[in-house]
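Student: have a look at this prediction, sequence included:
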There are 2 protein chains.
Amino acid sequence: MGSSAREEARIADALRKAVLERKLAPGSKLPEEELAQIFRSNRAKIRRVLLSLSRSHIVTLEPGRGAFVSRPSPQEARDVLASRRLIEVSLLARPYRKLSTQGVTRLRRIMAQEAEAHEKHDAIAMIHVSGQFHLTLIEELGNEVLKSITEELILRMSLIITMYERHNTTCCLSSDHHDLLDLLLAEKYAEASLLMARHLEGIESCLDFHRDPVTATILSQILQPVQG
Amino acid sequence: MGSSAREEARIADALRKAVLERKLAPGSKLPEEELAQIFRSNRAKIRRVLLSLSRSHIVTLEPGRGAFVSRPSPQEARDVLASRRLIEVSLLARPYRKLSTQGVTRLRRIMAQEAEAHEKHDAIAMIHVSGQFHLTLIEELGNEVLKSITEELILRMSLIITMYERHNTTCCLSSDHHDLLDLLLAEKYAEASLLMARHLEGIESCLDFHRDPVTATILSQILQPVQG
DNA sequence: TCAACCATTATTGTTCACAATATCAAACCC
DNA sequence: GGGTTTGATATTGTGAACAATAATGGTTGA
């Protein structure tokens, strides 16, 4: 049964996906037994997955009480934001290498998907695809380690946005991505870096840390459609 | 038994410490039963610790074969190095805030310990204290998230240095730390950033990725003195 | 009516035994 | 003699039962 790692990865991915898509609200309880049923698995595996996710700050384990979707504090939120800005802005200012032609192709394809999602008003797809754009950029200009670090930060940002997003605002400007690619192709890195800074600041300005923290904890029934 | 988390933290710290001090060579096998005996614990807890450490790339879990101290590839090594450089150099160039007076105090104290360790030719203390200097700097000028990211990168670098260190070289120049603090106090961030870049490049230049990879895997008996 | 207390229930934490798998060594065949 | 197979041994993986703990709801008393 060497596929157990595969099964755990599947469960972890499903949970991560649910967080990314903001289906799992911060604070939601994640009962082991219930998750085991949902994923047709057993408690032991669920337990490993939860431990794993807790190491990436997606889940918080409270001894004796169980696992909960993390509720990042305003301070943690600011730190995650700032860290992501540091990494992405600095990398664009002095990328490790130029964009490869295949990289450009991948970025263009992602941008096309972005346009399509925008067209259909598919907010969930927008989130996914927008994240993919940033990650591909880092992978192209940076390296795997930075990519996995940023991957985690993006996931944490998803929780942050769910908790602190100001009402009646849209956070992601896909037009920026277009301009970003143009600047990179022209090798205008200083300008690209500046645009990225503004882009991420734009997200930050959508947050309100004084918001009423009554983010209702959604029952994990939400998860059932994720995995039959 | 709410102290189980505490016990696991203790074990994980001991293992991390052993890696940091280069007592545990990359590739060493970490048998669950043996670790359980060494730490007067049981397999279940050891297992959790190993899973946890594997998430921070210190340990590699091979399904069906067990846990091993990770052997970072040359590519991974380069990526870790580059990532750390990106974070620390960029942060010094544009720190989030100025050094606090207590921060300066802490840094000076660390530097004193560094001098002392240098005096005594205590290589292990040097490693610890040097790491503490960098982490404190990040904590002061940056934030907690960046600190924990860097903490992990430093640990990975410990493995990298063990594997790829060129013979007959010393990797860490503590004199740089002194100059660094002076520049920061003078708020000459551009110069401080440059010095940090050179400092980290200095470490990199001590590495030889073509070295014979015969890093012997030390038996984990090494660990016994760590925890009676 | 409210608060504190206690019993009940549900959930998490731990342990153990067993199954599956890999490792090692000796025997075997080519 | 070298390489392969096969069996014995050790280690990891899995599942289930049990213990410990926290949440729940109802009762009692002021």
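Tutor: Perfect, thanks for sending it.
Student: quick one, phi psi at residue A:59?
Tutor: Per-residue torsions, residue A:59: phi -120, psi 140 (degrees, to the nearest 10).
Student: closest point of chain A to DNA strand D, which residue?
Tutor: Closest residue of chain A to DNA strand D, C-beta to the nearest atom of the strand: residue A:4 (2.6 Å). All C-beta spots, glycine's among them, are computed from the backbone N, C-alpha and C.
Student: if I look at the nearest residue to residue A:197 once chain neighbours are set aside, how far off is DNA strand C?
Tutor: Counting by C-beta to C-beta, 6 or more residues apart in numbering or on different chains, the nearest residue to residue A:197 once its immediate chain neighbours are dropped is residue A:89, at 4.8 Å. Going from residue A:89 to DNA strand C by C-beta to the nearest atom of the strand, to the nearest Å gives 39 Å.
Student: domains in chain A, by residue range?
Tutor: Using automatic domain parsing, the domain parsing of chain A gives A:4-71+A:212-226, A:74-205.
Student: comparing these by mean pLDDT, which bottoms out?
Tutor: Among these, domain A:4-71+A:212-226 carries the lowest mean pLDDT, a mean of 85.
Student: that domain vs chain B: in contact?
Tutor: Yes - judged by C-beta under 8 Å from any C-beta of the partner chain, domain A:4-71+A:212-226 comes into contact with chain B at A:4, A:5, A:48, A:51, A:52, A:55, A:56, A:61, A:63, A:64.
Student: now, which of the residues you listed sits nearest chain B?
Tutor: Ranked by distance to chain B (C-beta to the nearest C-beta), the residues of domain A:4-71+A:212-226 next to chain B are led by residue A:55 at 4.4 Å.
Student: ok, back up a step: surely the residue nearest to residue A:197 touches residue A:199?
Tutor: No - taking contacts as C-beta atoms under 8 Å, residue A:89 lies outside contact range of residue A:199: 9.3 Å.
Student: so what sits against both of the two?
Tutor: Counting by C-beta atoms under 8 Å, 6 or more residues apart in numbering or on different chains, no residue touches both residue A:89 and residue A:199.
Student: and chain A, which residues reach DNA strand D?
Tutor: A:1, A:4, A:42, A:44, A:45, A:64, A:65 (C-beta under 7 Å from any atom of the strand).
Student: so of those residues, which ones are in strands?
Tutor: Among these, no residue falls in strands (DSSP state E).
Student: among those, name the buried ones.
Tutor: Among those, those classed as buried by 16 or more other C-beta atoms under 10 Å in any protein chain shown are residue A:45.
Student: okay if I get the residues of chain A next to DNA strand D as CSV plus distance to DNA strand C?
Tutor: Output for the residues of chain A next to DNA strand D, formatted as CSV (distance: C-beta to the nearest atom of the strand, whole Å):
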residue, distance to DNA strand C
A:1, 5
A:4, 9
A:42, 10
A:44, 7
A:45, 12
A:64, 5
A:65, 6
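Student: ok, so of the residues of chain A next to DNA strand D, who is nearest chain B?
Tutor: Nearest to chain B among the residues of chain A next to DNA strand D, with distances taken as C-beta to the nearest C-beta, is residue A:64, at 6.2 Å.
Student: model confidence score at residue A:72, please.
Tutor: 94.
Student: Three-state assignment for it, please.
Tutor: Under DSSP: H, G, I helix; E, B strand; the rest coil, residue A:72 falls in the coil class.
Student: can you report how many residues lie near it?
Tutor: When counting by other C-beta atoms under 10 Å in any protein chain shown, one arrives at 21 neighbours for residue A:72.
Student: surely it and residue A:158 touch.
Tutor: No - assessed by C-beta under 8 Å, residue A:72 is found out of contact with residue A:158, at 10.2 Å.
Student: tell me which residues form a beta bridge with the residue of chain A found nearest DNA strand C?
Tutor: Per C-beta to the nearest atom of the strand, residue A:66 is where chain A lies closest to DNA strand C, at 3.1 Å. With DSSP bridges as the criterion, residue A:66 is bridged to residue A:62.
Student: got a list of what it touches?
Tutor: With contact set as C-beta under 8 Å, 6+ apart, residue A:66 has these partners: A:29, A:30, A:31, A:32.
Student: measure the residue nearest to the third one when sequence neighbours are not counted to residue A:32 for me?
Tutor: Spelled out, it's residue A:31. In space, and not counting its chain neighbours, residue A:31 is closest to residue A:66: 6.4 Å by C-beta to C-beta, 6+ apart. Remark: distance between residue A:66 and residue A:32 (C-beta to C-beta, to the nearest Å) = 7 Å.
Student: swap in residue A:148?
Tutor: Following C-beta to C-beta, the distance that separates residue A:148 from residue A:32 is 27 Å.
Student: try residue A:65
Tutor: From residue A:65 over to residue A:32 the distance is 12 Å, taken as C-beta to C-beta.
Student: now do residue A:176
Tutor: Counting by C-beta to C-beta, the gap between residue A:176 and residue A:32 amounts to 41 Å.
Student: go on, residue A:117?
Tutor: Residue A:117 is 34 Å from residue A:32, by C-beta to C-beta.
Student: residue A:48 touches residue B:52, doesn't it?
Tutor: No - counting by C-beta under 8 Å, residue A:48 sits too far from residue B:52 to count as a contact (10.2 Å).
Student: any shared contact partners between those two?
Tutor: Contacts common to residue A:48 and residue B:52, judged by C-beta under 8 Å, 6+ apart, are absent.
Student: restricting to C-alpha, output stretch A:110-128 in PDB.
Tutor: Only the C-alpha atoms of stretch A:110-128 are listed here, as PDB (Å, rounded to 0.1, in the frame of the first residue of the first chain):
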ATOM      1  CA  ILE A 110      -2.600  31.700 -17.600                       C
ATOM      2  CA  MET A 111      -3.600  35.200 -18.500                       C
ATOM      3  CA  ALA A 112      -6.000  33.800 -21.100                       C
ATOM      4  CA  GLN A 113      -7.600  31.600 -18.400                       C
ATOM      5  CA  GLU A 114      -7.700  34.700 -16.200                       C
ATOM      6  CA  ALA A 115      -9.600  36.600 -18.900                       C
ATOM      7  CA  GLU A 116     -12.000  33.700 -19.400                       C
ATOM      8  CA  ALA A 117     -12.700  33.500 -15.600                       C
ATOM      9  CA  HIS A 118     -13.200  37.200 -15.500                       C
ATOM     10  CA  GLU A 119     -15.600  36.900 -18.400                       C
ATOM     11  CA  LYS A 120     -17.700  34.200 -16.600                       C
ATOM     12  CA  HIS A 121     -17.500  36.100 -13.300                       C
ATOM     13  CA  ASP A 122     -16.000  32.900 -11.900                       C
ATOM     14  CA  ALA A 123     -14.500  34.200  -8.700                       C
ATOM     15  CA  ILE A 124     -13.100  30.900  -7.700                       C
ATOM     16  CA  ALA A 125     -11.300  30.300 -10.900                       C
ATOM     17  CA  MET A 126      -9.900  33.900 -10.700                       C
ATOM     18  CA  ILE A 127      -8.300  33.100  -7.400                       C
ATOM     19  CA  HIS A 128      -6.700  30.000  -8.600                       C
END
